[in-house]
Structure formats: C-alpha cells, structure tokens
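S.K.: Show me how the following folds:
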Amino acid sequence: MSRFTLPRDIYYGNGTLETLKTLKGKKAMVVVGGGAMRKAGFLDKTVAYLKEAGMAVELFENVEPDPSVDTVLKGAAAMRKFQPDWIVALGGGSPIDAAKAMWAFYEYPDTSFTDLITPFNFPELRQKARFAAIPSTSGTATEVTAFSIITDPANGIKYPLADFNITPDVAIVDPEIAATMPKTLTAHTGMDALTHAIEAYVSTLSSPFTDAVAIKALQMVFEQLLDSYNGNKAAKEQMHYAQCLAGMAFSNALLGIVHSLAHKTGAVFDVGHIPHGCANAIYLPYVIQYNAKNADAASRYADIARAAGLDGKSDAELVQSLIAKVNAYNTKLSIPTSLKEWGVPEAELKAKAANIAKEAVGDACTSSNPRPITPAEMEKLLHAIYYGTAVDF
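M.R.: Residues are numbered from 1 along each chain as shown. The predicted structure follows:
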C-alpha cells in the first residue's frame, strides 16, 4: 500500500504568520534558532500572535545548526516541564528538525534515540501536543516532511529520522520571513530544493502524486533561483513555494544517494562543516552520472531535462544537458565543483573515504536510489567527487 502524506493545513503568502492567532490551545512552546528570527522581529510576532490566541508561551532558543542529540533531549525536558499542547518551530531546518525530535521525547520520555534511527519506527504522536512549522529558509521544506536530521557530534554523523508521525499538523509558508536570507544561504538552500525535486522524481518510490509536485518544483527552481539569489523579491517568494513543493515530493517518494553522502560528510571533515545544501549541490552532477548508467533512471532524468526546456535528441544527450545545467547553476551561485575545491585535505579524504562510503550505503536515503550501489562503488564515487573527475563505472 502506498501513501501520500502532507500537513493537514498549509498556509502560504505574505503575512500568513498571522495564522497563529487561529490555533486552539492553552500552551505553546516555541523552538527557535540562534537569534535571526528575534533580530528580524518575527519571534516577537510569533509570541504575540500565540498570546492573542489565548495561549501561554515559553521559548526554547539557540538551537544550533545541525542540532545535536543533546539539544533535542534538553528541549524535550523543557517541554515536559511546561506541558505545551502546541509545539511551534520557527526558523531554518535546524530548529524545526530539532523540535520534531523533541516532540517524540516529550511524549515518550523512555524512548531512546537508537529506537528513532530506525525508519518509520516512531511511537504514535499527538498524545500531548500538535506541531506547527514556520520555515525561514527556502530549501529544507521540513515544514511539510516526515523527516528530521539530527547530528551525533561525537561520531560526526547526521542521522535522518523518518516517520509520517512527525509530519507537521500546520505549515505556515510566509515569504516575508524567508526574504531575510543572505545571498549564500539563498544559493545553498535553493540547490537543496532542486536536489529534493530531482531525487524524488527518479526515486524508486516515485508515483504520479510525487511526480507532479517534483516536476513543478524543479521547473520553478530553474526559473527563479538565480533571480532570487540576486535579490529579486518576487523570485524569492516563488522559491519559498518551490521548495515547499519539492518537500511534498521527497517526503513521500524519499531521496537518493546525493543525500546519503551529504548526511555522512556534512560534519566529518576537520576543515569544517559543509552546509547541507552546498554538499548536495556539489554531489548532484556526479550522482546523476552514476545513476544514469541505469536506463530507467536515464529516462527519468531525460524527463526532467525536457521539463526544464533543455536540448537533446536522445536520453543520453538530455542527461548531459541536465548535468551541464546543474554545473552552470553551481558556477553562477559560487558553489565549488569538488570536495578538493571546498578545501578537504587529500590525506583526510583517503583516510576517511572507506568509512564514509560504508555509512552512506547504510543511510536511509540509499534504499530508494534508482541504481544500487555497493560500499566499494560509493567509495569510487566519493573519490570522483573529491577530484572532480568523470563517473565512468
């Protein structure tokens, strides 16, 4: 049996943050990041609207980028003390993802993080609270997805938690909030959205339902991202909607090995964190080359190229046009073309490649990739990404 799950309500458009006034409840815990939403005035508005709805409000602030297991457990403890019936997450993917995991530990204090790592193994939520998500970036789409990415800093691994239980009840997609994104973040999150749409479309779990929103999303990203990057307000609004559509697609079709690699490399190198969207953008052209050796996947990539208005008489030519398009966008968005260009030392890559490959093959996203991959092949792919060489296996 297949399933297509979205939030019950998705509110979109400028000023829709005000929708918070209509929520019914007694207490709301607001989970937020490091200060951008407070500085921009959106945190104060959020609190004011919730109070106007008649709720007592408490804040859990300073969720770090790539939220850790420790942060999740601290947030859950704060929730157990306050006993909210609404959890409201405001900001980028990090506070929303953290709040999703906090929700599980709030309602089920005896649950272990190990239990939640197993895909679709969450306990039944909404025993104590419902969940509203308000994104401030145009990329992760976690406001409409069944996923949460939590980091184990001790091992340098990002764990994708997956369960339809953590799909928010309410998503508020207000472009005014995302308009505050700086230029580099606009680039990275935009390419994250493109990767979501492309991987969802070629996923082994794609369907007519996911195909429709994936194709529309990637068309919108190709049309709007460069203008959004260059500050066009109308394009920024459309990108905020495009990333949400991409989220609807991948939440139900799942993803592939671009994300498997991004999860396992984002926090593992000594040179520093690779932003998730940037990692996806770097890896995407190489993964398309790898997957396109599978005829069915090549046909799906050709569909994407046609939808994007690219030239090519055969599937192979269309695939090459798509790869060229992605590379051109990376160049225009000042995104590196390889891990070597990013600054990862060669010796470190060689020392860690085998373990990264093993972990990436075991990632939850690998199972829906359109072409199977072994740890040895994943390691070869990682070396191609490092050196910027063609994927010919």
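
S.K.: Would you state the helices of the stretch 101-250 of the chain in chain order?
M.R.: 113-117, 175-178, 183-202, 208-229, 233-253 (DSSP state H, counting those that start in this stretch).

S.K.: So for the most centrally placed residue in the chain, what's the pLDDT?
M.R.: The residue lying closest to the centre of the chain (Cα atoms, centre = their mean) is Thr140, at 3.2 Å. pLDDT, Thr140: 93.

S.K.: need the contact list for it.
M.R.: 92-93, 96-97, 189, 192, 243, 247, 276 (Cβ atoms under 8 Å, 6 or more residues apart in numbering). C-beta coordinates here come from the backbone N, C-alpha and C atoms, glycine included.

S.K.: Check which helices and strands the helix or strand bottoming out on mean pLDDT in the chain sits against.
M.R.: Across the helices and strands of the chain, the lowest-confidence element by mean pLDDT, DSSP states H and E is strand 157-162, at a mean of 82. When contacts are defined as 3 or more Cβ pairs under 8 Å, 6 or more residues apart in numbering; DSSP states H and E, strand 157-162 packs onto helix 113-117, strand 147-152, helix 257-265.

S.K.: residues of the first one that come out buried?
M.R.: Right, helix 113-117. 113, 116 (16 or more other Cβ atoms under 10 Å).

S.K.: May I have that helix as CSV, with CA atoms only?
M.R.: The C-alpha coordinates for helix 113-117 follow below in CSV (Å, rounded to 0.1, in the frame of the first residue of the first chain):
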residue,chain,number,x,y,z
PHE,A,113,17.5,7.8,20.2
THR,A,114,18.5,4.4,18.9
ASP,A,115,14.8,3.5,18.6
LEU,A,116,14.1,6.5,16.4
ILE,A,117,17.0,5.9,14.0
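
S.K.: Show residues contacting it.
M.R.: By Cβ under 8 Å, 6+ apart, helix 113-117 touches 69, 72, 101, 104, 121-122, 150, 159, 161, 163.

S.K.: try 7 Å this time
M.R.: Contact with helix 113-117 is made by 69, 104, 121-122, 159, 161, as judged by Cβ atoms under 7 Å, 6 or more residues apart in numbering.

S.K.: Repeat that for the second one.
M.R.: The set of residues external to strand 147-152 that reach it, using Cβ under 7 Å, 6+ apart, is 66-69, 72, 97, 100-101, 158-162, 166, 251, 263, 267.

S.K.: likewise stretch 122-135?
M.R.: Stretch 122-135 is contacted by residues 17, 23, 84-90, 96, 103-104, 106-108, 111, 116, 142-143, 163, 165-166, 168-174, 177-178 when judged by Cβ under 7 Å, 6+ apart.

S.K.: any weak-confidence spans in the stretch 51-200 of the chain?
M.R.: Residue ranges of the stretch 51-200 of the chain with pLDDT under 70: 156.

S.K.: how about a cut-off of 90?
M.R.: By pLDDT under 90, the low-scoring segments of the stretch 51-200 of the chain are 65-66, 112-121, 149, 151-161, 180.

S.K.: what does the stretch 201-350 of the chain give?
M.R.: Ranges of the stretch 201-350 of the chain meeting pLDDT under 90: 266-268, 270-273.

S.K.: rerun that using 70 as the cut-off
M.R.: Using pLDDT under 70, nothing in the stretch 201-350 of the chain is flagged.

S.K.: re earlier: could I get the helices of the stretch 101-250 of the chain as CSV with distance to Ala40?
M.R.: Output for the helices of the stretch 101-250 of the chain, formatted as CSV (distance: least, Cβ to Cβ, whole Å):
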stretch, distance to Ala40
helix 113-117, 32
helix 175-178, 8
helix 183-202, 13
helix 208-229, 18
helix 233-253, 14
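
S.K.: which ones are touching Lys26?
M.R.: Residues near Lys26 by Cβ under 7 Å, 6+ apart: 55-56, 85.

S.K.: okay, it: pLDDT?
M.R.: With respect to pLDDT, Lys26 has a value of 98.

S.K.: still on that earlier bit, quick check: neighbours of the least confident helix or strand of the chain in the sheet, parallel or antiparallel?
M.R.: Sheet pairing for strand 157-162, assigned by DSSP bridges, gives strand 147-152 (antiparallel).
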